[in-house]
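A.B. asks: sequence first, predicted coordinates after that:
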Amino acid sequence: PSTTSTTGRQEDIAMPVYHSKQNKTEGCREVGGVFLLPFAANHSKGPAPRPLPELELDIIDETLTYFKANVFFHNFEIKGCADRLLVYLTLFTAQAINRMTRCPTKDAVQKEMYQLSIETFKLPTDVGFPLKAFYKNVDSKRDSDELRAYLLQARQELSARLAEIVIDPNTGKPSKWWMCFTKRKFLGQSLDGAGGRR
């Protein structure tokens with residue numbers, strides 16, 4: 001199978017990346033080629049729909065579960081609108097882990113993650129976004145505002161869950177098994193680089 005590279009070109013290289021299991025979700029709102037998927041709002045408030053009880057992993061858990069494998073890859077085949085959300089949230093996870101390098105305690109991590117989650121950010125559909133080629137243009141400001149509100153909540157939820165799992169219980173500091181990924185750039189891109197911020 002072909003893969004979509006960071007430039008949006010098709011390449012005949014099979015990459016064993018993890019994809020979202022929600023690419024075929026029916027009846028899900030799509031904006032800019034991104035599914036606004038349900039997720040459990042354990043640490044956030046916003047417009048995201050709530051998941052059905054039978055959903056084993058919501059998109060936030062998928063992102064965190066697959067991160068350590070997916071972050072190594074420089075190519076990613078988009079198989080559906082859930083994958084576009086997975087790509088954005090994986091980039092955000094990498095950004096979050098990099099920010100944790102300045103945090104010596106769990107409290108510091110939690111504060112840093114909250115501040116990062118609410119920073120002004122570019123939408124993946126915006127011109128200049130690092131992986132804009134993966135996404136579609138939005139049709140209106142209303143759609144843009146809807147996507148921003150959803151992603152804001154997703155950023156808050158993901159950063160809060162990440163803050164809970166990244167701490168080493170023996171030291172009270174960010175675990176080396178997460179911090180070892182600070183130099184990795186998913187698909188060779190970073191939200192802290194040019195185009196990542198609004």
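C.D. replies: Perfect, thanks for sending it.
A.B. asks: ranking helices and strands of this structure by mean pLDDT, which lands last?
C.D. replies: The least trusted helix or strand in the chain, going by mean pLDDT, DSSP states H and E, turns out to be strand 10-11, with a mean of 42.
A.B. asks: assess the claim that residue 58 and residue 35 are in contact.
C.D. replies: No. With contact defined as CB atoms under 8 Å, residue 58 does not count as touching residue 35 (11.8 Å). To be clear about C-beta, it is placed using only N, CA and C from the backbone, and glycine gets the same treatment.
A.B. asks: returning to that earlier point: I'd like the average pLDDT over the helix or strand just after the least confident helix or strand of the chain.
C.D. replies: Downstream of strand 10-11, the first helix or strand assigned by DSSP states H and E is strand 30-31. The predicted model gives strand 30-31 an average pLDDT of 97.
A.B. asks: what's the answer for stretch 188-198, then?
C.D. replies: Taken as a whole, stretch 188-198 has an average pLDDT of 66.
A.B. asks: what is the neighbour count of residue 64?
C.D. replies: The number of residues packed near residue 64 is 18, by other CB atoms under 10 Å.
A.B. asks: who's in contact with the residue positioned nearest the centre of the chain?
C.D. replies: When CA atoms, centre = their mean is applied to the chain, the residue found nearest the centroid is residue 89 (0.3 Å). For residue 89, the contact set (CB atoms under 8 Å, 6 or more residues apart in numbering) comprises 59-60, 63, 154, 158.
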